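3D model of this:
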Amino acid sequence: MPNFLQRWLGGGDRAPVWDLADYPPFELPHPGSGRRLSESQAQENWAYSQATLAGRQALLRGWLLAHDGPDPGALTGVAYARALKAWALAHWPRLPAHDRLPEHAPWPDCRRDGPFIVYSLLGDLAASLGEAIRQCNGHWRWGLNLDAIDLADDMATSRRVVLLAALRHPTPEAQELVLDPEAWVFAAHRFPNAVDFRLRDAWSDAVADAIAADHGG
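This next block holds a predicted model:
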């Protein structure tokens with residue numbers, strides 16, 4: 001029983017880790033969030049993200065197909081999120097594990113090149129979930145979270161590129177809803193045995209809720 005439990009949690013015999021040395025790095029000009037970034041630095045990150053999104057999603061599609069993953073071009077919305085989550089459960093052990101990387105600043109302050117290239121892949125996977133939402137519900141858009149309250153609270157979404165949707169009835173405290181797909185994917189990589197990743201399909205639930213929502217103003 002202990003051996004079975006260890007294998008179920010991902011600690012048993014593992015397939016070789018994939019070599020990501022040739023995966024193109026996502027060279028975000030200014031890693032970080034909130035007060036660690038100036039607004040001009042955040043705008044540079046936004047410009048870089050938008051300029052590279054389509055090309056990186058095309059790259060990711062080819063990479064996934066070469067690694068037994070779902071096809072973002074053939075699946076949409078919740079179907080894609082569900083397939084990606086199933087793939088992640090089966091293949092996460094083949095990615096360089098967080099605990100085996102050199103000491104580094106945690107997400108979202110981390111580098112995404114060199115020994116940390118896995119973070120470029122994770123960012124692309126997260127963006128693919130965001131695209132699955134955006135393509136099915138046009139109220140959502142990529143943008144910078146420039147909310148003053150989130151900045152004051154130094155939220156991880158602050159001054160970062162996230163999914164935004166205008167509230168139908170905005171208030172002085174809240175103008176837009178914010179979704180951060182990177183938070184879901186990076187957390188699953190850092191804590192691969194977490195209940196939300198192993199026993200729940202939180203990715204698909206979040207995608208389904210976002211697609212079903214109507215927040216347009």
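
and the strands in the protein?
Ranges of strands in the chain, per DSSP state E, are 141-144, 161-166, 176-179.

please work out which of those is packed deepest.
Burial of the strands of the chain is given as mean neighbour count (mean count of other Cβ atoms under 10 Å); strand 161-166 ranks first at a mean of 22. For glycine as for every other residue, the C-beta is placed from the backbone atoms N, C-alpha and C.

for residue 194, phi and psi?
Residue 194 adopts backbone torsions of phi -60, psi 150, taken as degrees, to the nearest 10.

now do it, the pLDDT please.
Residue 194 carries a pLDDT value of 94.

same thing with residue 97?
Note for residue 97: predicted pLDDT of 97.

just give me the neighbour total for it.
16 (other Cβ atoms under 10 Å).

any idea how far it lies from residue 194?
For residue 97, the distance to residue 194 (Cβ to Cβ, to the nearest Å) stands at 14 Å.

check residue 100 too.
Between residue 100 and residue 194 the distance is 18 Å, computed by Cβ to Cβ.

of those two, who's got more company?
When residue 100 and residue 194 are compared for neighbours, residue 194 comes out ahead with 13 against 8, by other Cβ under 10 Å.

residues contacting that one?
Residues in contact with residue 194 (Cβ atoms under 8 Å, 6 or more residues apart in numbering) are 187, 188.

one more time with 10 Å
Neighbouring residues of residue 194 by Cβ atoms under 10 Å, 6 or more residues apart in numbering: 187, 188, 200, 202.

for residue 106, same thing?
Applying Cβ under 10 Å, 6+ apart to residue 106 gives the contacts 98, 186, 190.

residues near the last one, how many?
Pointing back at residue 190 there. Neighbours of residue 190 using other Cβ under 10 Å come to 14.

which residues are in contact with it?
If you count contacts by Cβ under 10 Å, 6+ apart, residue 190 has them with 97, 98, 99, 106, 107, 122.

ok, so of those, who is nearest residue 69?
Closest approach to residue 69 among these (Cβ to Cβ): residue 122, at 13.4 Å.

look at that closest one and say how many residues are nearby.
Neighbours around residue 122, by other Cβ under 10 Å: 23.

number of nearby residues for the closest residue to it other than its chain neighbours?
Leaving aside its sequence neighbours, residue 122 sits nearest to residue 185 (Cβ to Cβ, 6 or more residues apart in numbering; 5.1 Å). Residue 185 has 25 neighbours, counted by other Cβ under 10 Å.

before we move on, what about the one 3 residues further on?
By the other Cβ under 10 Å criterion, the neighbourhood of residue 188 contains 23 residues.

what of the one 4 residues further on?
Here the count is done by other Cβ under 10 Å, and residue 192 has 20 residues near it.

list the residues that contact the nearest residue to it once chain neighbours are set aside.
In this structure, residue 192 finds its nearest non-sequential neighbour in residue 92, 5.4 Å apart by Cβ to Cβ, 6+ apart. Counting by Cβ under 10 Å, 6+ apart, residue 92 makes contact with 10, 188, 189, 192, 197.

how far away is the closest residue to the last one other than its chain neighbours from residue 30?
So that's residue 197. With Cβ to Cβ, 6+ apart as the criterion, residue 197 has its nearest non-adjacent residue at 4.3 Å, and that residue is residue 188. The gap separating residue 188 from residue 30 is 25 Å, by Cβ to Cβ.
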